[in-house]
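Visitor: Sequence plus predicted model, see below.
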Amino acid sequence: MRTLPVSSPKDRRQRIRPYLIEVLLFVLVAVCFTAPRVVALGRFVTADEPNWGKRSARFYLGLVQGEYSATFQSPHPGVTTMWAGAGAYHWKFPKYQQVGTTSLGDTRLFQIFERHGPRPMEILATARLIVIFINLVVCLFVRLLKIEKTRAYDYY
């Protein structure tokens, strides 16, 4: 029967220190990444944001109604943006399932907001918050993979 060596508190602190530094660095990077994005959640930044609001509305409606052909907007890499927007509609304006339509003109979505829903900026801010959260989770996941890979190399 093999016995495990007893380590002193000093040894344990020395082994924990690199991981504690890792965690503190990740928290620092996460705060630096999140702070400037959270400050301006409810402000327009680009001219095409109303377009993405409409695309996300059609995407969300296509998903919840099972009209999957409505989820295809155009061949571009905006799928992540539409998923975040759909999440925002689901979270902030779930009633859109009943009052929305997939054929939206330039003013139709704003009319729906005026009659039934929250302000459009609430949807935009929520979608941005979802994107920030997804980015942080991906960064944490990648960092954890890197730590595990480093541990595996240290073991051998």
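Guide: Noted; the coordinates are in hand.
Visitor: which stretches of this structure form helices?
Guide: 9-39, 49-65, 79-92, 96-99, 108-116, 120-155 (DSSP state H).
Visitor: Sort out which residues of the first one are buried, please.
Guide: With burial defined by 16 or more other CB atoms under 10 Å, the residues of helix 9-39 counted as buried are 26, 30. For the C-beta atoms, the positions are set from N, CA and C on the backbone; glycine is no exception.
Visitor: Any chance of a markdown table for the helices of the chain, columns mean pLDDT?
Guide: Shown next, in a markdown table, are these (pLDDT from 0 to 100):
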| stretch | mean pLDDT |
| --- | --- |
| helix 9-39 | 83 |
| helix 49-65 | 90 |
| helix 79-92 | 93 |
| helix 96-99 | 90 |
| helix 108-116 | 89 |
| helix 120-155 | 82 |
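Visitor: Find me the pLDDT at residue 66, would you?
Guide: You'll see residue 66 listed with a pLDDT of 91.
Visitor: Nearest residue to residue 130 in space, ignoring adjacent ones along the chain?
Guide: Excluding the flanking residues, the one nearest residue 130 by CB to CB, 6 or more residues apart in numbering is residue 84, at 4.3 Å.
Visitor: nope, residue 120 is what I meant
Guide: residue 113 (5.3 Å).
Visitor: In this structure the one you found contacts residue 119, no?
Guide: Yes. If you go by CB atoms under 8 Å, residue 113 and residue 119 touch, sitting 6.8 Å apart.
Visitor: Looking at these two, which one has more neighbours?
Guide: Per other CB atoms under 10 Å, whichever of residue 113 and residue 119 has more neighbours is residue 113, with 20 against 12.
Visitor: now the more buried one: how far from residue 13?
Guide: 56 Å (CB to CB, to the nearest Å).
Visitor: same deal with residue 123?
Guide: 48 Å.
Visitor: before we move on, what about residue 70?
Guide: 58 Å.
Visitor: Residue 74 now?
Guide: Per CB to CB, residue 74 is found 56 Å from residue 13.
Visitor: what's the answer for residue 129, then?
Guide: On the measure of CB to CB, residue 129 and residue 13 end up 38 Å apart.
Visitor: next one: residue 69
Guide: 60 Å.
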